[in-house]
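Visitor: Model the following, please.
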Amino acid sequence: MISFKILFSQEGEGEKIRTEEPFQIKIMLQNQMQQAELLHVSSHLEGKNMYMGKIPLFFTQNKSQNNHTATTMLGSCTDKEMMWLLQLTVKSKSVNQIDKRIVADEEHFTVEFTSTRY
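Guide: Next up is the predicted model:
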């Protein structure tokens, strides 16, 4: 199993993602020592505490840095803070260190995060 690191970034101050302002989501390998490559990332966002529809994410691959990045925005809710679910499917390949076989893998996982309305 390959481990991933996910970064959320937005211009300005604060730890929470602000609604109605663009932000980036970057997914990369956690351990760069692995002989592995991210092949494809498919994803969408959905509200956890209130249904806000599914927001599709379109990731762009950066082969030289072995990461994928998407830029998106969240709609405002009546609540000041909103919990979101980032649903990810990640396809990757790695080299088995014992017999040097190439192993393809597909993993599904969910990441929770909070947004705030300013």
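
Visitor: Going by C-alpha atoms from here, please, whenever you check contacts or count neighbours.
Guide: OK.

Visitor: From residue 79, how far off is residue 27?
Guide: 28 Å (C-alpha to C-alpha, to the nearest Å).

Visitor: If you count surrounding residues, which of those two has more?
Guide: residue 27 (21 against 12; other C-alpha atoms under 10 Å).

Visitor: Helix or strand: which one has the residue nearest to that one when sequence neighbours are not counted?
Guide: Once flanking residues are discounted, residue 27 sits nearest to residue 6: 4.5 Å by C-alpha to C-alpha, 6 or more residues apart in numbering. Per DSSP states H and E, residue 6 falls inside strand 4-9.

Visitor: helices or strands up against the helix or strand following that strand?
Guide: Going down the chain from strand 4-9, the next helix or strand is strand 17-18, by DSSP H and E. Identification of packing neighbours for strand 17-18 by 3 or more C-alpha pairs under 8 Å, 6 or more residues apart in numbering; DSSP states H and E yields strand 102-116.
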